[in-house]
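K.L.:
pasting the structure only:
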């Protein structure tokens, strides 16, 4: 791996971490856990477009591990991990079709992140009660995805780190 | 090239808009069903970390200590909420009051889930 690429990846990871921290400092504007902006996803979507899906996956994984160590718990690691994997998988596949803009890709990422988290929480807590909660997270995932898609789109077009 | 890009953005906005409307409709339908499924005998079912379930009728006011005191459940006027929790995030306290079938409060750090289950008067549900 070229040093330059490694540096760009490290920088993107650092940015994703900072965004995670900023997000953790914003009080939840809706009293439903899991409803978040998903700011770190800006860095992931950027990486997906500018660096590639493997790089985005590496950055996402490192972010999830570090965030759980720094601000979270074992449980939050599993939730985030499931969300991040599903989200990245969906975004990568949608992007590969080359039929959609980063808006749709990011919306899919937001929604799938929520579905992954709820799925994992349902497994860990051994309950199906969370299904009632899914519609809220679908709506919030779409809205958050639009915002993140717009922001990442600006960065993808303006910042060329390679 | 530029023209093509613009077009696909417009199409993507339509896709996103359609998704949002669909999600809002699902939300509305689910909420309505929840309301219809709530009878006067609704209970708050508390699932503890060891899998044990406890039922608290919503029509009986009271303050209950859950899970050996990690969380406190209050029931008043047919609504249930968590008034105290020893977890750091206190999200369960912020989740507000629940009273309709399927509404729930989760305390993930303490692994407690409180779900409202309809009453006997609710229409028979095929799934259960």
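P.N.:
Done, it's in. Computed from a predicted structure; not experimentally measured.
K.L.:
Write out the residues of chain A neighbouring chain B.
P.N.:
A:28, A:31-33, A:73, A:75-76, A:79, A:99-101, A:103-104, A:107, A:111, A:121, A:125-127, A:129-130, A:132-133, A:135-136, A:138-139, A:142-143, A:145-146 (CB under 8 Å from any CB of the partner chain). The C-beta positions use only the backbone N, C-alpha and C, and glycine is treated the same way.
K.L.:
Determine the next helix or strand in the C-terminal direction from the longest helix anywhere in chain B.
P.N.:
Assignment by DSSP state H gives helix B:2-37 as the longest helix of chain B. Downstream of helix B:2-37, the first helix or strand assigned by DSSP states H and E is strand B:43-47.
K.L.:
mind giving me the domain split of chain B?
P.N.:
B:1-37, B:43-117 (automatic domain parsing).
K.L.:
Out of the residues of chain A next to chain B, which end up buried?
P.N.:
A:32-33, A:75-76, A:79, A:100-101, A:103-104, A:107, A:111, A:121, A:125, A:127, A:129-130, A:132-133, A:135-136, A:138-139, A:142-143, A:145-146 (16 or more other CB atoms under 10 Å in any protein chain shown).
K.L.:
Give me the below-cutoff pLDDT ranges for chain A.
P.N.:
A:27-34, A:162 (pLDDT under 70).
K.L.:
Just give me the residue right at the centre of it.
P.N.:
residue A:41 (3.8 Å; CA atoms, centre = their mean).
K.L.:
Confirm that that one sits in a helix.
P.N.:
Yes. Counting by DSSP: H, G, I helix; E, B strand; the rest coil, residue A:41 falls inside a helix.
K.L.:
Tell me how far it lies from chain B.
P.N.:
Per CB to the nearest CB, to the nearest Å, residue A:41 is found 15 Å from chain B.
K.L.:
would you list every one of the helices in chain A?
P.N.:
Under DSSP H, chain A gives helices at A:3-25, A:40-50, A:53-71, A:74-97, A:102-125, A:134-158.
K.L.:
Could you dump those into JSON lines and include distance to residue B:79?
P.N.:
Formatted as JSON lines, the helices of chain A follow (distance: least, CB to CB, whole Å):
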{"stretch": "helix A:3-25", "distance to residue B:79": "30"}
{"stretch": "helix A:40-50", "distance to residue B:79": "35"}
{"stretch": "helix A:53-71", "distance to residue B:79": "32"}
{"stretch": "helix A:74-97", "distance to residue B:79": "27"}
{"stretch": "helix A:102-125", "distance to residue B:79": "23"}
{"stretch": "helix A:134-158", "distance to residue B:79": "19"}
